[in-house]
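In: this one's structure only:
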């Protein structure tokens, strides 16, 4: 791994084996995430509707890493294969520009595939090169990896840099329609996937997703506010004030990451020391932080609007402990750690300060997920 010119935090993976180990690690992590989400549902922390929304983005994240693994499969072995740049100090994830480049490739994927030999043709040429010329068909292998990359992009359903809002009807309460709006971004400031869920009561004449005026405005507003540095309270109040007939009753934000790995990342703190002590085998040397912020409206009140009118505004409950609500802009915030068994054992032995109240999800390749306080 050598440094890029972009930042001391951003590094390129130069070696083929290291690149494949990196993507192999994330393949395991993303496969575990949906099982952890299901465990959260079983514990009552997420509803079935929440799981359906969140799991869609987690599955998309899996597809994104699968596509990038194809793209960089021959890094270090073929001159034109390119090299993945990832943030090894802050997040452990690929840098934001990787997802922007992937989105651009997706727009041209069909054109690329039209000009490429089929998978069967490439494999047939490989066999003839190996048998007839007794040579390693590196160029053909690279061409196949790129075909698989573009095919993955063409399938869609990946986690992109921007994943525009979707609305699902939850039912009616009197004259109010209830919707859950979900959207996600790849936060460019910290290079992490971030998922948002907002519960909204709609008092408009036309249901929000079918309203040709309000729905595009809502989508644009939410995407413009999807910045990790903004507090949930700021986002929710801004939405509440901009849309008089839409009332946000709950807003949640899920930060997926950072990912810690003794072999790949250079973060500081107790988790790095735990992974160093664990001496885990390849594929199990990691820990992933999962953070949920939750802001809930405790009541609504009518406020004056214009000369004679009034509108409903939400009053949000903030965390009452030690003034944290004002600092975090949330009703509550909870961090969890997802890790394999060996790192968890090392964490339990060290028991560093600040981790006692953090939820730990211990995962295995057999699909088992255990939850500990």
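Out: Received the coordinates, thanks. Since we're looking at a predicted model, the values are computed, not measured. Numbers count the residues shown, from 1 in each chain.

In: where do the strands sit along the protein?
Out: 2-3, 10-12, 85-87, 162-173, 176-187, 192-202, 246-260, 287-305, 309-317, 332-340, 359-363, 369-372 (DSSP state E).

In: and those as a markdown table, adding mean pLDDT?
Out: Listed next are these as a markdown table, based on pLDDT from 0 to 100:
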| stretch | mean pLDDT |
| --- | --- |
| strand 2-3 | 41 |
| strand 10-12 | 90 |
| strand 85-87 | 96 |
| strand 162-173 | 96 |
| strand 176-187 | 97 |
| strand 192-202 | 97 |
| strand 246-260 | 97 |
| strand 287-305 | 88 |
| strand 309-317 | 84 |
| strand 332-340 | 95 |
| strand 359-363 | 96 |
| strand 369-372 | 93 |
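
In: Format those strands as a markdown table; extra columns: mean neighbour count.
Out: Where you see a C-beta, it was placed from the backbone N, CA and C, and this is true even at glycine. Output for the strands of the chain, formatted as a markdown table (neighbours: other C-beta atoms under 10 Å):
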| stretch | mean neighbour count |
| --- | --- |
| strand 2-3 | 10 |
| strand 10-12 | 20 |
| strand 85-87 | 24 |
| strand 162-173 | 14 |
| strand 176-187 | 21 |
| strand 192-202 | 23 |
| strand 246-260 | 22 |
| strand 287-305 | 17 |
| strand 309-317 | 15 |
| strand 332-340 | 20 |
| strand 359-363 | 21 |
| strand 369-372 | 14 |
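
In: Can you add distance to residue 153 and give those back as JSON lines?
Out: Shown next, in JSON lines, are the strands of the chain (distance: least, C-beta to C-beta, whole Å):
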{"stretch": "strand 2-3", "distance to residue 153": "28"}
{"stretch": "strand 10-12", "distance to residue 153": "22"}
{"stretch": "strand 85-87", "distance to residue 153": "19"}
{"stretch": "strand 162-173", "distance to residue 153": "15"}
{"stretch": "strand 176-187", "distance to residue 153": "16"}
{"stretch": "strand 192-202", "distance to residue 153": "18"}
{"stretch": "strand 246-260", "distance to residue 153": "21"}
{"stretch": "strand 287-305", "distance to residue 153": "25"}
{"stretch": "strand 309-317", "distance to residue 153": "40"}
{"stretch": "strand 332-340", "distance to residue 153": "27"}
{"stretch": "strand 359-363", "distance to residue 153": "28"}
{"stretch": "strand 369-372", "distance to residue 153": "31"}
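
In: ok, and the closest non-adjacent residue to residue 352?
Out: Distance criterion C-beta to C-beta, 6 or more residues apart in numbering; nearest residue to residue 352, sequence neighbours excluded, is residue 270 at 3.8 Å.

In: wait, the one you found sits on residue 354?
Out: Yes: assessed by C-beta atoms under 8 Å, residue 270 is found in contact with residue 354 at 7.4 Å.

In: Between those two, which has more neighbouring residues?
Out: Neighbour count, other C-beta atoms under 10 Å: between residue 270 and residue 354, residue 270 has more, with 15 against 9.

In: With adjacent residues omitted, what lies nearest to residue 290?
Out: In space, residue 290 is closest to residue 336, 4.5 Å off (C-beta to C-beta, 6+ apart).

In: Quick check: that neighbour vs residue 149, distance?
Out: Here the distance between residue 336 and residue 149 works out to 32 Å (C-beta to C-beta, to the nearest Å).

In: so who does the residue nearest to residue 352 touch?
Out: Counting by C-beta atoms under 8 Å, 6 or more residues apart in numbering, residue 270 touches 350, 352, 353, 354, 355.

In: Which members of those are the farthest-apart pair?
Out: 350 and 354 (11.6 Å; C-beta to C-beta).

In: Tell me the bridge partners for the closest residue in space to residue 209 that isn't next to it in sequence.
Out: Closest residue in space to residue 209, ignoring its immediate chain neighbours: residue 167 at 4.4 Å, by C-beta to C-beta, 6+ apart. Counting by DSSP bridges, residue 167 is bridged to residue 181.
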